[in-house]
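Q: Have a look at this prediction, sequence included:
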Amino acid sequence: MLIGVMADTHDRLPTMRAALERFAELDVAAVVHAGDVVAPFAARLLAEAGRPLYVVYGNNDGERAGLRAVLPQIADGPLRFELGGRRILLHHFIDWCGAADVAAADVVITGHTHEVLVERRDGVLLLNPGECCGWLTDRPTVATIDLESNEVRIIEVRP
């Protein structure tokens, strides 16, 4: 099972569209967003992606009621779910994840730092796909995870 992972979209619609188009081309089974969608108008792109969506609030998601109206599944982290036989922990910032939550997961997906991180620690895959918006680094990135092989691919998305 291949899933698409993104974070820190910060309302930048062109890179969000490019990411979601790439995920569609790759036929990902689900989209995971680690927070900082920011506004409901951007959330509509996620809602229309045509894939199961797992999403948490980030620290810049101030318009919570509006986001929830568009994305009823949005949650305060940590969000725990299972896909492809893997236990996934989703939160906006790795420092907000408790040690017990991390230890109980196979995959931990976070954002917040706008920096790509792919690390395996004590059998747990830690993934930050970087910033989809590209505002800080001028490198808009997302990721895919093959949950069968545990292989991660970082993908640059330019409109």
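A: Cool, got the structure. Numbers count the residues shown, from 1 in each chain.
Q: and the nearest residue to Asp76 once chain neighbours are set aside, how many residues sit next to it?
A: Spatial nearest neighbour of Asp76, chain neighbours left out: Tyr57 (5.7 Å); criterion: CB to CB, 6 or more residues apart in numbering. Quick note: C-beta positions are derived from backbone N, CA and C, even for glycine. Applying other CB atoms under 10 Å, we find 21 residues neighbouring Tyr57.
Q: Distance of Tyr57 relative to Val70?
A: 13 Å (CB to CB, to the nearest Å).
Q: hang on, the earlier thing: the residue nearest to Asp76 and Leu90 touch, don't they?
A: No - using CB atoms under 8 Å as the test, Tyr57 is too far from Leu90 to be in contact (10.8 Å).
Q: List the buried residues in stretch 101-120.
A: With burial defined by 16 or more other CB atoms under 10 Å, the residues of stretch 101-120 counted as buried are 102, 105-114, 116-118.
Q: which pair in the residues you listed spans the largest distance?
A: The largest separation in the buried residues of stretch 101-120, counting by CB to CB, is between Asp106 and His114 at 24.6 Å.
Q: could you point out which element follows the lengthiest helix in the chain?
A: Counting residues, the longest helix found in the chain (DSSP state H) is helix 13-26. Note on helix 13-26: by DSSP states H and E, the next helix or strand toward the C-terminus is strand 30-33.
Q: so what's the closest residue to Ala69 other than its chain neighbours up against?
A: In space, Ala69 comes closest to Pro40 once its chain neighbours are excluded; the distance is 6.6 Å by CB to CB, 6+ apart. Listed by CB atoms under 8 Å, 6 or more residues apart in numbering, the contact partners of Pro40 are Glu63, Gly66, Leu67, Ala69, Val70.
Q: Quick one, which of those residues are buried?
A: Buried members of the contacts of Pro40, scored by 16+ other CB under 10 Å, are Glu63, Leu67, Val70.
Q: ok, of the residues you listed, which one's closest to Arg17?
A: For the buried ones among the contacts of Pro40, the nearest to Arg17 is Val70 (16.1 Å; CB to CB).
Q: so that closest one makes contact with Ala47?
A: Yes - using CB under 8 Å, Val70 makes contact with Ala47 at a distance of 5.4 Å.
Q: The spatially most central residue of the chain bridge partners, please.
A: Note on the chain: the residue nearest the mean C-alpha position is His33, at 2.7 Å, using CA atoms, centre = their mean. Taking DSSP bridges as the rule, His33 bridges to Met6, Val55.
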